[in-house]
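>>> after the sequence you'll find the predicted model.
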Amino acid sequence: MFHLLSLISFSNAVFFLFFAIYSFTSNRKSQINIASFVECTLLAIWSFSYTFFYVSETKEEAWIWLHVGSVGWIGFMGVLVWFFLVLTRHRYNQNKVFRILYCGVAPAVLLLLN
C-alpha cells in the first residue's frame, strides 16, 4: 500500500544516512564530524522506523516501530547537546559530571522509561 508519509520518511532516512556517511568519511578525527555522524545516524533510525509505522496494519506492529524509533529521538537530544558543546570549542568550561548527566544519563533514563 502506498502511503505518502511513509515515502517522505523513507526519503528523510536515506538523506540522513548519506549525510552520516559523508560526515564519517570526510574527517574521522574531528569531534564535530563524529558528533554529526552520530546525530545523523540517530535521525536516520528515527525516520526509517516511521516509514514502517505509517503503514502498519495493526496497533501492536505500530507500537513496535514507535519503540524502535524512540532510540533515535531520545538519543537525538543528548547527542545534540554534545554537538553544540563541541561547536563551542570548549569556550564554556562545564563540569564533566554535569556533561555526562545531561548528555548520557538523561537520554538513557528516558529510553528505559519508554
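It's in. Residues are numbered from 1 along each chain as shown.
>>> and the longest helix seen in the chain, how far from the chain's centre?
Looking across the chain with DSSP state H, the single longest helix is helix 59-87. Centre-to-centre, helix 59-87 and its host chain are 5 Å apart (Cα atoms, centre = their mean, to the nearest Å).
>>> dump the residue contacts of Ser49.
Residues in contact with Ser49 (Cβ atoms under 8 Å, 6 or more residues apart in numbering) are 65-66, 68-69, 72. (Glycine included, C-beta is placed from N, CA and C.)
>>> what is the three-state secondary structure of Asn33?
Going by DSSP: H, G, I helix; E, B strand; the rest coil, the secondary structure assigned to Asn33 is helix.
>>> so it makes contact with Ile21?
No. At 11.3 Å, Asn33 and Ile21 do not qualify as touching, with contact defined as Cβ atoms under 8 Å.
>>> so the two - more neighbours on which side?
Asn33 (17 against 14; other Cβ atoms under 10 Å).
>>> how near is the more buried one to Gly104?
20 Å (Cβ to Cβ, to the nearest Å).
>>> nearest residue to Gln39 in space, please, no chain neighbours.
One correction, residue 39 is Glu, not Gln. Leaving out its chain neighbours, the residue that sits closest to Glu39 by Cβ to Cβ, 6 or more residues apart in numbering is Val79, at 5.1 Å.
>>> on the three-state scheme, Ser56 is what?
Three-state assignment for Ser56 (three-state DSSP): coil.
>>> would you turn the contacts of Ser49 into CSV with distance to Ser47, pLDDT and neighbour count?
CSV is the format used below for the contacts of Ser49 (distance: Cβ to Cβ, whole Å; pLDDT from 0 to 100; neighbours: other Cβ atoms under 10 Å):
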residue, distance to Ser47, pLDDT, neighbour count
Trp65, 12, 90, 18
Leu66, 13, 87, 16
Val68, 11, 87, 16
Gly69, 8, 88, 20
Gly72, 8, 87, 20
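>>> closest to Leu85 among those?
Nearest to Leu85 among these, counting by Cβ to Cβ, is Gly72 at 20.3 Å.
>>> which residues touch the closest one?
Contacts of Gly72 (Cβ under 8 Å, 6+ apart): 42-47, 49.
>>> give me that answer again for 7 Å
Residues near Gly72 by Cβ atoms under 7 Å, 6 or more residues apart in numbering: 42-43, 45-46, 49.
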